[in-house]
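In: coords below, sequence missing:
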């Protein structure tokens, strides 16, 4: 289920670390519990969050605005891949282009693909472009109603 996820240090110690996103530091991301993509669990709330973040991202080019319905289909898959490719973006090449968004596991870089998690970059885009909505998504009139209760600051 989509949720606020506090950062932890890589050695698993409790406490908060701050991550620089744009010109500000944040101690959390809006995270997912299960992977979103073809052959994945595709929990409705996780898909809703990914769709919402993709719609807010300026780098998810080449796709129409997604219907935030919590269903993973061809349009959402295409938007995820376009975002991961990062065409004409400063982060081109740092996301693995596999069409899936994996949950953040406490490290910025996947131990499997050695690339930055797409969920981290989606949060980075949201924080950089719309910091007020990143800090308090309930203020965003485009936030899907179903996410109101799960995305609390």
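Out: Happy to help now that I have it. Keep in mind that this is a model prediction, so the values were computed, not measured. Numbers count the residues shown, from 1 in each chain.

In: what about the closest residue to residue 95 other than its chain neighbours, which SS state?
Out: Using C-beta to C-beta, 6 or more residues apart in numbering and skipping the chain neighbours, the partner closest in space to residue 95 is residue 84 (4.2 Å). In short, each C-beta sits where N, CA and C put it, glycine included. Three-state assignment for residue 84 (DSSP: H, G, I helix; E, B strand; the rest coil): helix.

In: i'd like the first residue to be 45 from this point on
Out: Will do, 45 is the new start, and the previous item becomes residue 128.

In: residue 128 - how many residues pack around it?
Out: Using other C-beta atoms under 10 Å, residue 128 has 25 other residues around it.

In: distance of it from residue 116?
Out: 15 Å (C-beta to C-beta, to the nearest Å).

In: next one: residue 124
Out: Using C-beta to C-beta, one obtains 9 Å as the distance from residue 124 to residue 116.

In: and the end-to-end length of stretch 185-195?
Out: From its first residue to its last, stretch 185-195 covers 14 Å (C-alpha to C-alpha, to the nearest Å).

In: list the buried residues in it.
Out: Under the neighbour-count criterion of 16 or more other C-beta atoms under 10 Å, stretch 185-195 has 187, 188, 190, 191, 195 buried.

In: same question, stretch 114-131
Out: For stretch 114-131, by 16+ other C-beta under 10 Å, it's 114, 116, 119-130.

In: so where's the protein shaky on pLDDT?
Out: For the chain, applying pLDDT under 70 flags the ranges 45-71, 102-107, 131-137, 150-160, 197.

In: which other residues reach stretch 79-91?
Out: 45-46, 76-78, 94, 114-116, 120-121, 124, 142-147, 190-191, 194 (C-beta atoms under 8 Å, 6 or more residues apart in numbering).
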